[in-house]
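# Sharing a model prediction with you, sequence too.
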Amino acid sequence: MFARSLSLLGLALAVAGLNAEPGIRVVVAQSNSPAAAFSARPANGTVFQALPDKAELSSGDMLVSLPGATLTSKNGAVAVRTLADFDSRSPLPVLDTGYSLVSTAEKDIDLELVLDRGRITVTNVKPDGPATVRLRFWDQNWKVVLDAPKTQVTLELSGRWTAGTRFRPADPNADPAKAPAPVATALFLVLTGSASVDRGGVTVAMRAPPGPAELRWNSLTGTVPQPQRLEKIPQWADPEANLSAEGQKVAGACERFRNSRAGDGAAAFETYLTSTEPVNQRVALLALCGLDDLERLEKSLATAKTQEQWDFGVTVLRHWLGRTRGHDQQLYQHLTARGGYTESQARIVLQLLLGFTPEDLAQPETFEVLIDYLGNPKPSVRSLAAWHLVRLVPQGKALAYKPTATEAEARLYQQEWKKIIPPGQLPGAVKKP
């Protein structure tokens, strides 16, 4: 849980400028946060820039923000804030938050936002009357009316590949829209006041706890028809919930990282990636993930000096893969074109990142393959195999695998695993993937 707690930094990332017109940027909101709380990359650009204090925010931009960063719609009706799950309380595996802003001609919409992943809160900050936001995610288009001032709602979205999904390089002649995709799950809650949600012509009335406060959706089954009644706000969604000592440590690291980026962004990454403090390393790894910087993220994994650093890097990379359709193919292309991997090695890496089904784990052959990979000449293949084995078979933790192990040292490690799981046998206790 410690690793996951540190992962949930909520480095907010607005992704992609979905459905925005390339090249047309319209100011639709303003940051209420200090320098480097937000960074932006235009929809047709390639470079992120840290934004100054109280910067204007444009439609179509990728925005990167740190936890607690807020913005207000141009008309002053709606505020959006990114919250972080520093204490691992969320039911969804949210590591960061991403959204893009959209310029809309609809006069009754105060703000339109495309959520790519993570958690945001939206608040009616008008002096009187309702405020309306359009929230889009995946194929969903929800029109949310916040009935009165101070009404606040939260939306959380996370994507993950189903364990054991078989990776195959994309057919260049196939339709990308029909390619395999992660499974996305969303939770929508009313935190204060009341709101109505129009989901494509079906409108439901909702109210903060105690009342019909929660809607659930996933990309396989769609939206639960009626809101679920909650007696109180869940701790994970409560913006007033107190942080544990560990959570405060993570929050402090985020703020120090922001200060460092405001001074010298390049130096901030180098300082935090090479820090001896695990929490600092993790802040930097999440930032690389959020910036889609695969090259530096892969390099940081290749040069990881501790098992803890490697473990968290794998968690971040698996999270990045689950963000959207096509990220698996993008990583495969990066590994083969720029990472020095053969096609076979890249396929192995992708399959190890996607994991195994319960049926796979009931087969001795699965463990034989994992143990065989411990002798692979590619360090990342060896380390990913060790990553799985240690999680699936608890007694393997005593072997203390090192990511920096030489090929000869890895083969000694391999022999120890063969004693724990002899060929043709299953381990005594296997944890769920």
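Thanks, I have the structure now.
# before we move on, what SS does the closest residue to Trp320 other than its chain neighbours have?
Once flanking residues are discounted, Trp320 sits nearest to Cys289: 5.0 Å by CB to CB, 6 or more residues apart in numbering. Using the backbone N, CA and C atoms, a C-beta is placed for each residue, glycine as well. Recorded secondary structure, Cys289: helix (DSSP: H, G, I helix; E, B strand; the rest coil).
# Give me the distance between Cys289 and His319.
For Cys289, the distance to His319 equals 7 Å [CB to CB, to the nearest Å].
# which residues do those two both contact?
95-96 (CB atoms under 8 Å, 6 or more residues apart in numbering).
# where's Gly159, which helix or strand?
strand 152-160 (DSSP states H and E).
# okay, now Pro422: neighbour count?
14 (other CB atoms under 10 Å).
# So what does it look like in phi/psi?
For Pro422, the backbone dihedrals (degrees, to the nearest 10) come out as phi -60, psi 150.
# Tell me where the longest helix sits in this protein.
For the chain, the helix that runs over the most residues, judged by DSSP state H, is helix 245-263.
# Assign a three-state SS to Val94, would you?
coil.
# For it, what are phi and psi?
phi -90, psi 120.
# Which pLDDT does the model give it?
On pLDDT, Val94 comes in at 83.
# go on, Gly23?
In this model, Gly23 carries a pLDDT of 51.
# Same question for Pro169.
93.
# now swap in Leu11 and tell me
For Leu11, pLDDT reads 42.
# just checking, what packs against the longest helix of the chain?
Where contact means 3 or more CB pairs under 8 Å, 6 or more residues apart in numbering; DSSP states H and E, helix 245-263 is packed against helix 2-7, helix 265-273, helix 278-290.
# ok, back up a step: compare Cys289 and His319 (neighbour count), which wins?
The residue with more neighbours, out of Cys289 and His319, is Cys289; 24 against 21, by other CB under 10 Å.
# quick one, what contacts that one?
95-96, 297, 316-317, 319-320.
# Of the residues you listed, select the buried ones using a PyMOL command.
To isolate the buried ones among the contacts of Cys289 in PyMOL, judged by 16 or more other CB atoms under 10 Å, type:
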select buried, resi 95+96+297+316+317+319+320
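# out of the contacts of Cys289, which one sits closest to Ala170?
Trp320 (17.5 Å; CB to CB).
# any idea how far Ala69 is from that closest one?
Applying CB to CB to Trp320 and Ala69 gives a distance of 21 Å.
# Repeat that for Leu350.
33 Å.
# of those two, who's got more company?
Between Leu350 and Ala69, counted using other CB under 10 Å, the more crowded position is Ala69 (25 against 20).
# Surely the more buried one is in contact with Arg81?
Yes - counting by CB atoms under 8 Å, Ala69 does reach Arg81; the two are 7.3 Å apart.
# Longest strand in this structure, by number of residues?
Secondary structure assigned by DSSP state E gives strand 111-124 as the longest strand of the chain.
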